[in-house]
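> here's my sequence, what's the structure:
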Amino acid sequence: MYDHSKSLESAIDGWNYSIQLNRWFLKPIGAWPLALCETTTEKISCVILSVISCFLICFLLVPCTLGTILVDTDLDTKIRMIGPISFFLMAVIKQYILIARSERISECIRHIRADWDRVRMGHEKDREVMLDNAKFGRWLSFVSAAFMYSAGFFYTTLMPLCARRTEIIDNETVRLLSFPIYRGLLDPRTTPSFEIAQFTQTLAGYAIYTLTIGVCSLAAVFVMHACGQFRILMLKLENLADGKKRKSTSGKTAQERLSDIVKYHIRILSFITRTEELLNEIFFVDVVGCTLNICFLGFNMMTEWEHRETLGTMTFCSLLISFTFNIFILCYIGELLAEQCTQIGTKSYMINWYYLPDKSALGLTLVMAMSNATIKLTAGKFMELSLASFCSIMKAAMAYLNLLRTFYV
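Numbers count the residues shown, from 1 in each chain. Here you go, the predicted structure:
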């Protein structure tokens, strides 16, 4: 006899496993949807964390921007600060989008939970497919977090402590912060102002890194879930005409199974559409921002190398790898999703459709037509995310880097 309590627990565990990293990354910065918070205390804490996160990001963006623009500094310092300021601005925009679209995020997560609930009774093969894709989505999130946090540790924590970041003002040696602050707002040259400002900047840096990882994790988990659903749809297509009956299709006619396939396909496409509408502006911010950041990080790394600064070279190299991998993940999952969409049409033709009774095979033409009109991830509707797009982004970043080097030299 089938254990329903065990199957329900298994479905809940699978759903929690799928979105666990999303919750870990989004909750500390207050970007987790309030609709998914179970208690009033959890909702209040989420709002408080959101306010704190916004304050920390603004603490970096506003004083740093004013200090770079209003203070008379050399051209090299101003150029080095363009990258961090653009990164802070990216964080502000992404934080706003995540909070403003929290309801859409909760809808997508509920969709994922409904899919896991569906496979809790006699769908062991489907559950294995979903679990495999959930594991890959978690792995992408973990690798992104490892690169971003390690690079952030070098830049925000290790480099200020180990590097000789000092300047002489009125015959007095003054320590410099990780990021410049406009002294018309705050003068951090004395103790404990320096320690407080340095700690706040470090905390704000990790909030921004967590936000960047959270967006990448959200995209990876959603897209890999959709890819898992496509693989399940292919299993349904195989079962349509080969006569092999699974528990999920026992007693159903070919027309009923075809109807189930069409409905399932429409459900997947609706989920992808919601994901695209939710994240396309964030993808646009990431594409533009990462292109600039890769350019300036490459410039800073070469500058540190020429000055024989080992720690600075390692720091900017780790940041360069992190941003490159981040944009690669977005382009890779976009390519993977588009490929899965088109494979449905190929699979519809490759099955033994000519064994279907009457004119049931004509219904597959609708599935083929829908698979040809693939829904792709885009960067603000301007650029499709694919491996070709990744190459274009890297070429653009290198072109800007060569132009910057030519101008600077």
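> lowest-pLDDT helix or strand in this structure?
Among the helical and strand segments of the chain, the one scoring lowest on mean pLDDT, DSSP states H and E is strand 166-169, with a mean of 52.
> please, where are all the helices along the stretch 101-250 of the chain?
For the stretch 101-250 of the chain, the helices defined by DSSP state H, counting those that start in this stretch occupy 102-118, 124-152, 159-162, 193-241.
> the longest one - contacts with which helices or strands?
In this structure, helix 193-241 packs against helix 4-26, helix 40-70, helix 75-100, helix 102-118, helix 124-152, helix 254-306, helix 310-350, with contacts taken as 3 or more CB pairs under 8 Å, 6 or more residues apart in numbering; DSSP states H and E. Quick note: C-beta positions are derived from backbone N, CA and C, even for glycine.
> what does the shortest one contact?
Spelled out, that is helix 102-118. Contact with helix 102-118 is made by 11-12, 14-15, 18-19, 22, 31-36, 98, 126, 130, 218, 221-222, 225, 229, 271, 274-275, 277-278, as judged by CB atoms under 8 Å, 6 or more residues apart in numbering.
> pull the CA atoms of that helix into CSV?
In CSV, the C-alpha atoms belonging to helix 102-118 read as follows (Å, rounded to 0.1, in the frame of the first residue of the first chain):
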residue,chain,number,x,y,z
SER,A,102,8.2,40.2,-4.7
GLU,A,103,4.7,39.0,-5.6
ARG,A,104,5.9,37.7,-8.9
ILE,A,105,8.7,35.9,-7.2
SER,A,106,6.3,34.3,-4.8
GLU,A,107,4.1,33.2,-7.8
CYS,A,108,7.1,31.5,-9.4
ILE,A,109,8.0,29.8,-6.2
ARG,A,110,4.4,28.6,-5.6
HIS,A,111,4.5,27.2,-9.2
ILE,A,112,7.6,25.2,-8.3
ARG,A,113,5.9,23.9,-5.2
ALA,A,114,2.9,22.9,-7.1
ASP,A,115,5.1,20.9,-9.5
TRP,A,116,6.8,19.1,-6.6
ASP,A,117,3.4,18.3,-5.1
ARG,A,118,2.3,16.7,-8.4
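> where does pLDDT dip in the stretch 301-409 of the chain?
Applying pLDDT under 70 to the stretch 301-409 of the chain flags the ranges 358, 360, 409.
> what pLDDT does the residue nearest in space to the middle of the chain get?
For the chain, Cys216 is the residue whose C-alpha lies nearest the centre (CA atoms, centre = their mean; 1.2 Å). pLDDT recorded at Cys216 is 92.
> same check on Lys252?
Per-residue confidence (pLDDT) for Lys252: 69.
> quick check: the residue nearest to the centre of the chain vs Phe407, distance?
According to CB to CB, to the nearest Å, Cys216 and Phe407 sit 32 Å apart.
> so what's the residue count around Arg80?
For Arg80, the count of nearby residues is 18 (other CB atoms under 10 Å).
> do the one 10 residues further on as well
Met90 has 22 neighbouring residues, counting by other CB under 10 Å.
> what's the answer for Cys46, then?
Neighbourhood size, Cys46 [other CB under 10 Å]: 21.
> what does Arg308 give?
Using other CB under 10 Å, Arg308 has 8 neighbouring residues.
> so it: helix, strand or coil?
Arg308 falls in the coil class when you classify it by DSSP: H, G, I helix; E, B strand; the rest coil.
> that one: what's it in contact with?
Contacts of Arg308 (CB under 8 Å, 6+ apart): none.
> over to it: give its phi and psi.
Main-chain torsions, Arg308, degrees, to the nearest 10: phi 60, psi 40.
> for Ala379, same thing?
Per-residue torsions, Ala379: phi -100, psi 90 (degrees, to the nearest 10).
> the chain should start at 47 in everything you say after this.
Sure, I'll start counting at 47 from here, so that last one is Ala425.
> would you check that Ala137 makes contact with Ile254?
Yes. At 4.4 Å, Ala137 counts as touching Ile254 under the criterion of CB atoms under 8 Å.
> related to what we said a few turns ago, of the helices and strands packed on helix 239-287, which shows the lowest average pLDDT?
Of all these, helix 50-72 has the smallest average pLDDT, which comes to a mean of 72.
> now the helices and strands packed on helix 239-287 as TSV including distance to Ala419?
Converted to TSV, these look like this (distance: least, CB to CB, whole Å):
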stretch	distance to Ala419
helix 50-72	28
helix 86-116	38
helix 121-146	27
helix 148-164	21
helix 170-198	23
helix 300-352	9
helix 356-396	9
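> what's the closest of these to Asn448?
helix 300-352 (9.3 Å; CB to CB).
> what angle sits between the closest one and helix 239-287?
150 degrees (axes from the mean of the first three to the mean of the last three CA atoms, to 10 degrees).
> how big is the angle separating helix 300-352 from helix 170-198?
On the basis of the same axes, to 10 degrees, helix 300-352 is oriented at 10 degrees to helix 170-198.
> who does helix 300-352 touch, helix- and strand-wise?
helix 121-146, helix 148-164, helix 239-287, helix 356-396, helix 410-418, strand 424-425, helix 433-454.
> could you export these to JSON lines, including columns for distance to Thr202?
Conversion of the helices and strands packed on helix 300-352 to JSON lines gives the following (distance: least, CB to CB, whole Å):
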{"stretch": "helix 121-146", "distance to Thr202": "10"}
{"stretch": "helix 148-164", "distance to Thr202": "27"}
{"stretch": "helix 239-287", "distance to Thr202": "4"}
{"stretch": "helix 356-396", "distance to Thr202": "10"}
{"stretch": "helix 410-418", "distance to Thr202": "46"}
{"stretch": "strand 424-425", "distance to Thr202": "27"}
{"stretch": "helix 433-454", "distance to Thr202": "23"}
